[in-house]
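Asker: Fold the following and give me the result.
(4 chains)
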4 protein chains.
Amino acid sequence: MGKGRLEAFSDGVIAIIITIMVLELKVLHGAELADLKELGPVFLCYVLSFIYVGIYWNNHHHFFHVVKKVNGSILWANMFLLFCLSLLPFSTSWMGENHFATWPVVIYGVNLFFCAIAYTIMSLVVVRSSGNEDVAKAMGSDTKGKLSLVSYVIAIPLAFYYPLASGALFVFVALVWFIPDRRMEKMFG
Amino acid sequence: MGKGRLEAFSDGVIAIIITIMVLELKVLHGAELADLKELGPVFLCYVLSFIYVGIYWNNHHHFFHVVKKVNGSILWANMFLLFCLSLLPFSTSWMGENHFATWPVVIYGVNLFFCAIAYTIMSLVVVRSSGNEDVAKAMGSDTKGKLSLVSYVIAIPLAFYYPLASGALFVFVALVWFIPDRRMEKMFG
Amino acid sequence: MGKGRLEAFSDGVIAIIITIMVLELKVLHGAELADLKELGPVFLCYVLSFIYVGIYWNNHHHFFHVVKKVNGSILWANMFLLFCLSLLPFSTSWMGENHFATWPVVIYGVNLFFCAIAYTIMSLVVVRSSGNEDVAKAMGSDTKGKLSLVSYVIAIPLAFYYPLASGALFVFVALVWFIPDRRMEKMFG
Amino acid sequence: MGKGRLEAFSDGVIAIIITIMVLELKVLHGAELADLKELGPVFLCYVLSFIYVGIYWNNHHHFFHVVKKVNGSILWANMFLLFCLSLLPFSTSWMGENHFATWPVVIYGVNLFFCAIAYTIMSLVVVRSSGNEDVAKAMGSDTKGKLSLVSYVIAIPLAFYYPLASGALFVFVALVWFIPDRRMEKMFG
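Answerer: Numbering: from 1, shown residues only, chains lettered A, B, ... in the order given. A predicted model of the protein is given here:
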């Protein structure tokens, strides 16, 4: 089975997720600069989630570039990743509209954690499927993936005390990933 | 005529359907865990419909993998399937916001029933068109398809007495389909 | 220049147009059948516009199947068609929510008229561009296109007297087009 | 690494941006012509932004037609362009709903300015990457790009005195770009 439609469908879903988040920047009826300032936290959260979804698309792109065969399990593991990502517009807006209050930050962290877990599951399902042995070599030790999971596990309980510190951790993880996955590029560039 | 654009257009529409459902998870203005709990039934319905749309995409993907030629009738049969699927965001939200009340559950069941009928019609139109004789062999007896139709026919009247039991039947059908369509994979894998 | 990205972009825009119309089926907070009945006219308009957009996609698909070369003028003529189609979600909802009142029906007719004009312009731009001489032969006399334009020209003023009769004309044109464009299929099938 | 998925993802995001702007044409509950007139400024802004996004898609299409290799930096530069474009639905509606008031016009100008800067950055990243030396030749002196940037730099402060004059400058830039990028066509047509 070809991987073309899986890539096309994932591209479509991720493109929609990254774009509908902007619908939460609800149009203000006032026309002053002060009205715009109210949107500040929502805008910041939009930027953060745009970068996260961009990172996921980037990594998905690199990852499937080296995948050779796709089967039913990979389709469903990918669907689970898309499901987790599809919740980001909701958790992003909830966090933004409540100015980084505790529970919204917790839920945003849980959402990011599930996205990371789903990506890890998808990678493992691919690596264990026949025909994709090279992917394991290309992935290497996945230090960034492990660092992200640890950061989320710290950020979630931390939000009950210092939600802004959790937010800083989310920014830190985004910065770590911002550099695209050179491992794959090196091997197949 | 090539099947590429039919697949691409279907992927686009299904990707949008599966993603805009999340817009019904309207952002809460309260920031407490109790506020989140209100979204519980809407979230459950979103999960269920996400799985259903995922199943349809999966099966559509497998099905058109073995289709060789596309004609005008197939385009319209596919369009009817997309129309039925496009109503799921509405029926899903109506069921979720009304906590599985009778009429919303009935309409959700009718919607699923029409999706299944539309998929069956599309399959038959494909099988009867010239150049696609192999598809019939690959489809086999379509036990799951028949089981789904029977389940919906039971679930719809059942909702007038026990709407939650109908909901359980919808979950059951989703679980049955969750296992991807091995018939096609076996033959052309 | 290849036509692949023009087709892909058009597919994307048309897929979104056809799907976001369903967002106008706003979720009812009542859970009774009577609540659903209120959505009747909106639903009917959705069905009509879904068929119209489906027809445009179908014809676009058939048309570009025979186009060989794409240039800047064709890109912009296609963009104008997409613009006209993009207004359908608005005019559809306005007509549905106002139960086929005069002005909404007039505007819906004007919208359909502009879509038809835009499609005609696009066809002419393609036919006159170098490398696409075969398309003119494949198009033939375009009887359906002319019949549609005449119908819209009648339906728009008619709406000031009998808006429902205009609505019936829109349904009539949709039925005429429902049969896919056999001309192209015959020649290149 | 292939450029196919970058083009497909960009097409998807741009298709969604250009289409969701129409959601700001909120359905009026009145059914008179006077109700429609209220939408006038929002509609005008929609037309302007549709043309702008169309121009960006057109130029993106032409530009990547001559790009041969894609790397991580190009992916991120492209993502930054998509981010800037994704803010247009917001700034467009804000300007439309406030009838070209000062601050909304300023923000719209800033948004267009950032889109232009992001496109310039993307072009430079591509030109400096190995394997894409021909792109620089094809780009030439980029007179239109420079003229646009100068126009935005004038339009933004001008909005504090004559916001409509800034609007006229935005229309002027759109007209300048409306003619597709013949430079690329000439060289690779």
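
Asker: switch to C-alpha atoms for all contacts and neighbour counts from now on
Answerer: Noted.

Asker: If we look just around chain D, which residues of chain A are in range?
Answerer: Remark: the part of chain A in contact with chain D comprises A:7-8, A:11-12, A:15-16, A:18-19, A:22-23, A:25-33, A:50, A:54, A:58, A:61, A:65, A:179-181, A:185, A:188-189, using C-alpha under 8 Å from any C-alpha of the partner chain.

Asker: Just the buried ones among these, please.
Answerer: Burial by neighbour count, judged by 16 or more other C-alpha atoms under 10 Å in any protein chain shown, picks out A:7-8, A:11-12, A:15-16, A:18-19, A:22-23, A:25, A:27-28, A:31, A:50, A:54, A:58, A:61, A:65, A:180-181, A:185 from the residues of chain A next to chain D.

Asker: circling back: which ones among the residues of chain A next to chain D are found in helices?
Answerer: A:7-8, A:11-12, A:15-16, A:18-19, A:33, A:50, A:54, A:58, A:61, A:65, A:185, A:188 (DSSP state H).

Asker: A:Ser151 - nearest residue in space that isn't next to it in sequence?
Answerer: A:Leu169 (6.6 Å; C-alpha to C-alpha, 6 or more residues apart in numbering or on different chains).

Asker: Name the SS class of the one you found, please.
Answerer: helix (DSSP: H, G, I helix; E, B strand; the rest coil).

Asker: any idea which of the ones in helices among the residues of chain A next to chain D is least confident?
Answerer: Across the set of these, A:Phe188 stands lowest in pLDDT, at 45.

Asker: Helix, strand, or coil at A:Leu75?
Answerer: Classified using three-state DSSP, A:Leu75 is helix.

Asker: That one: neighbour count?
Answerer: If you count neighbours by other C-alpha atoms under 10 Å in any protein chain shown, A:Leu75 ends up with 19.

Asker: Which two among the ones in helices among the residues of chain A next to chain D are spaced furthest apart?
Answerer: A:Leu33 and A:Phe188 (49.0 Å; C-alpha to C-alpha).

Asker: Just the closest of the ones in helices among the residues of chain A next to chain D to B:Cys45, please.
Answerer: Nearest to B:Cys45, judged by C-alpha to C-alpha, of these is A:Ile16 at 20.3 Å.

Asker: I'd guessed the closest one sits against B:Ile16; true?
Answerer: Yes. Between A:Ile16 and B:Ile16 there is a contact at 6.8 Å, judged by C-alpha atoms under 8 Å.

Asker: Could you name every residue contacting both of those two?
Answerer: By C-alpha atoms under 8 Å, 6 or more residues apart in numbering or on different chains, A:Ile16 and B:Ile16 have no common neighbours.

Asker: returning to that earlier point: make sure the residue nearest to A:Ser151 is actually in contact with A:Ala155.
Answerer: Yes. Contact status for A:Leu169 versus A:Ala155: in contact at 6.5 Å, counting by C-alpha under 8 Å.

Asker: more crowded one of the two?
Answerer: Taking other C-alpha under 10 Å, A:Leu169 and A:Ala155 do not tie; A:Ala155 has more neighbours (25 against 20).

Asker: The more buried one reaches A:Tyr108, doesn't it?
Answerer: No. Checked against C-alpha under 8 Å, the pair A:Ala155 and A:Tyr108 is beyond contact range at 10.0 Å.

Asker: In contact with the residue in chain A that chain D sits nearest to, which residues?
Answerer: Using C-alpha to the nearest C-alpha, the single residue of chain A nearest to chain D is A:Ala15, 5.0 Å away. If a contact means C-alpha under 8 Å, 6+ apart, then A:Ala15 has D:9-10, D:12-13, D:16 as its contacts.

Asker: Show me which helix or strand of chain A is least confident by mean pLDDT.
Answerer: Lowest by mean pLDDT, DSSP states H and E among the helices and strands of chain A is helix A:182-188, with a mean of 51.

Asker: just to revisit the earlier point, quick one: pLDDT of the residue nearest to A:Ser151?
Answerer: So A:Leu169 comes in at 96 (pLDDT).

Asker: same deal with A:Leu149?
Answerer: 93.

Asker: I'd like to know how many residues surround it.
Answerer: 19.

Asker: need the contact list for A:Val105.
Answerer: Residues in contact with A:Val105 (C-alpha under 8 Å, 6+ apart) are A:95, A:156, A:159, A:163, A:166-167.

Asker: Among the residues you listed, which lie within helices?
Answerer: A:95, A:156, A:163, A:166-167.

Asker: quick one: which of those is nearest C:Trp103?
Answerer: Taking the ones in helices among the contacts of A:Val105 together and measuring to C:Trp103 by C-alpha to C-alpha, the closest member is A:Met95, at 42.3 Å.

Asker: what residues are up against that closest one?
Answerer: A:42, A:45, A:101, A:104-105, A:108.

Asker: JSON lines for those, including secondary structure?
Answerer: Formatted as JSON lines, the contacts of A:Met95 follow (three-state DSSP):
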{"residue": "A:Val42", "secondary structure": "helix"}
{"residue": "A:Cys45", "secondary structure": "helix"}
{"residue": "A:Ala101", "secondary structure": "coil"}
{"residue": "A:Pro104", "secondary structure": "helix"}
{"residue": "A:Val105", "secondary structure": "helix"}
{"residue": "A:Tyr108", "secondary structure": "helix"}
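
Asker: Name the member of those residues with the most neighbours.
Answerer: Busiest of these [other C-alpha under 10 Å] is A:Val105, holding 31 neighbours.

Asker: ok, the closest residue in space to A:Ile51 that isn't next to it in sequence - contacts?
Answerer: Spatial nearest neighbour of A:Ile51, chain neighbours left out: A:Ala174 (7.0 Å); criterion: C-alpha to C-alpha, 6+ apart. A:Ala174 is in contact with A:48, A:51-52, A:55, counting by C-alpha under 8 Å, 6+ apart.

Asker: From C:His29, how far off is A:Ala174?
Answerer: 39 Å (C-alpha to C-alpha, to the nearest Å).

Asker: The closest residue to chain B within chain A - how many residues pack around it?
Answerer: Closest residue of chain A to chain B, C-alpha to the nearest C-alpha: A:Val13 (5.0 Å). A:Val13 has 30 neighbours, counted by other C-alpha under 10 Å.

Asker: Apart from its neighbours in sequence, what residue is nearest it?
Answerer: B:Ala15 (5.0 Å).

Asker: before we move on, what about A:Val125?
Answerer: A:Ile74 (6.2 Å).

Asker: next one: A:Tyr108
Answerer: Closest to A:Tyr108 by C-alpha to C-alpha, 6+ apart is A:Ser91, at 5.3 Å.

Asker: before we move on, what about A:Ser86?
Answerer: A:Ile17 (6.0 Å).
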